[in-house]
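Student: Sequence and computational prediction follow.
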Amino acid sequence: MLRLDPGNASLEGTRTKPLERVREKGSLSPAGVAWHLASTTMDALVYHGPGKRAWEKKPRPEIREATDAVVRITTSTICGTDLHILKGDVPSVTDGRILGHEGVGVVDDVGAAVSGVRTGDKVLISCITSCGKCDFCRKGMYSHCRGGGWILGNTIDGTQAEYVRIPHADTSLHRLPPDTDDEAMVMLSDILPTGFECGVQNGQVKPGDTVAIVGAGPIGLAALLTAQFYSPAEIVMIDLDENRLQVALSFGATKAVNSSDGKAVQKVMALTGGAGVDVAIEAVGIPATFDVCQEVLAPGGRLANVGVHGKPVELHLEKLWAHNIIVTTRLVDTVTTPMLLKLVQSGRLQPRKLVTHRFGLADSMKAYDTFGDAAKERALKVILKSA
């Protein structure tokens with residue numbers, strides 16, 4: 001219970017007592033009212049329907065279940081999926097939801113059943129929440145966990161806030177050494193495992209393959225970085241943005257195709273001598289880019305869809321029915337996060353170079369403007385840092 005000394009407004013106990021109840025007893029000075037409000041509320045980036053977002057006060061999260069943890073956010077970021085939400089492409093996200101599913105922070109509180117992390121631990125927040133016990137989790141399909149999955153910034157409040165509640169904390173948080181680089185680590189919340197699992201692994205990239213990645217945004221670049229684990233012979237990056245293509249070449253792409261003239265397919269076919277590619281990774285989420293992937297596939301090729309699609313696409317079976325192709329879809333399961341974490345810690349994988357812009361968490365509205373106009377701003381990953 002929260003108690004205040006009327007003489008000096010000092011505090012004992014917890015911050016959970018309702019302000020109205022304390023006011024009724026006349027025990028709060030103006031300074032105490034201000035403290036109570038500050039200790040029970042926080043600032044957050046809130047979705048209010050397609051095209052509408054606001055930076056506003058929200059209640060600070062508390063432990064609801066014994067398996068919960070509350071994490072104080074130190075570093076977050078904005079994902080392309082957040083932009084899809086703002087376009088209205090994800091109807092499960094409702095008015096009033098705090099956005100964000102990526103973050104690094106410090107554990108502020110834990111439920112009675114949490115044993116893997118303690119108050120004060122530095123942690124990586126997985127974009128996927130998993131109980132570790134249901135039938136889907138036992139198959140390694142954490143994205144379809146019956147008590148979790150992709151819920152942060154979707155069906156429960158997310159990480160673009162000062163604090164976030166994490167259900168199933170023992171299996172949804174990764175402890176980090178205190179001296180780890182937050183900016184590198186936050187790339188492991190989502191984009192690196194997404195690019196790797198949904199793109200590279202589902203595409204079955206093998207030594208000697210020719211790989212086309214359609215979309216040189218953060219997810220496409222994450223697929224580029226992790227595809228190199230398997231030594232493909234060629235990685236062709238396709239995008240409208242010349243700056244991003246140059247970044248891709250510096251990250252290890254062997255060829256770059258500017259698709260702004262609508263001739264991406266012809267250019268890729270010319271680069272491959274008319275053969276097409278072994279793997280096409282779709283990393284945008286619109287019909288036009290999915291079409292490019294279909295048209296550049298060689299017989300026996302694999303099309304790995306990564307993008308979040310808000311509109312129907314056409315599958316051209318009239319052309320592909322006899323081509324022995326494989327088409328895969330996937331929501332990231334984050335099963336590879338521990339392995340990717342080791343590679344980042346060893347320096348073999350350097351995701352920090354994806355970061356182009358940095359903002360204070362309180363400047364999230366400006367950060368969204370920058371990320372939403374990525375071509376003009378030359379933005380890749382935009383970092384949000386707490387004060």
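Tutor: Happy to help now that I have it.
Student: Which residue ranges make up each domain of the protein?
Tutor: 3-39, 44-189+334-385, 193-328 (automatic domain parsing).
Student: count of neighbours near the closest residue to G252 other than its chain neighbours?
Tutor: Spatial nearest neighbour of G252, chain neighbours left out: Q228 (5.3 Å); criterion: CB to CB, 6 or more residues apart in numbering. No exception for glycine: its C-beta is placed from N, CA and C like everyone else's. Residues contacting Q228 under the criterion other CB atoms under 10 Å number 17.
Student: got it, and T289?
Tutor: Residues near T289, counting by other CB under 10 Å: 24.
Student: my read: it touches I281, true?
Tutor: No. The criterion here is CB atoms under 8 Å, and T289 misses it with I281 at 10.1 Å.
Student: Quick check: neighbours shared by the two?
Tutor: V214 (CB atoms under 8 Å, 6 or more residues apart in numbering).
Student: Which strand or helix spans G220?
Tutor: helix 218-227 (DSSP states H and E).
Student: May I have the secondary structure class of I63?
Tutor: Secondary structure, DSSP: H, G, I helix; E, B strand; the rest coil: I63 is coil.
Student: Quick check: the residue nearest to G252 touching I235?
Tutor: Yes. Q228 is within contact range of I235, at 7.5 Å (criterion: CB under 8 Å).
Student: any shared contact partners between the two?
Tutor: Joint contacts of Q228 and I235 (CB under 8 Å, 6+ apart) are G252.
Student: contacts for stretch 215-229?
Tutor: 79-80, 187, 191-192, 194-196, 199-200, 205, 211, 213-214, 235, 237-239, 241, 244-245, 247-248, 251-253, 281-284, 289, 306-307, 340, 349, 351, 354, 374, 380-381.
Student: Report the contact partners of the closest residue to L152 other than its chain neighbours.
Tutor: Setting aside the residues directly before and after it, L152 is nearest to H101 in space (CB to CB, 6+ apart), at 4.1 Å. Contact analysis of H101 by CB under 8 Å, 6+ apart lists C79, T81, I125, C127, W150, L152, G153, N154, G158, T159, S189, D190.
Student: now do 7 Å
Tutor: C79, C127, W150, L152, G153, G158, T159, S189, D190 (CB atoms under 7 Å, 6 or more residues apart in numbering).
Student: quick one: average confidence on stretch 156-173?
Tutor: Taken as a whole, stretch 156-173 has a mean pLDDT of 98.
Student: Quote the end-to-end distance of that stretch.
Tutor: 16 Å (CA to CA, to the nearest Å).
Student: Please apply the same query to stretch 193-205.
Tutor: Start-to-end, stretch 193-205 (CA to CA) is 15 Å.
Student: so how far is it off the chain centroid?
Tutor: A distance of 15 Å separates the centroid of the chain from that of stretch 193-205, by CA atoms, centre = their mean, to the nearest Å.
Student: Surely A256 is in a helix?
Tutor: No. Using three-state DSSP, the secondary structure at A256 is strand, not a helix.
Student: Tell me how many other residues crowd it.
Tutor: Residues within reach of A256, counting by other CB under 10 Å, total 19.
Student: what does V306 give?
Tutor: For V306, the number of neighbouring residues by other CB under 10 Å comes to 29.
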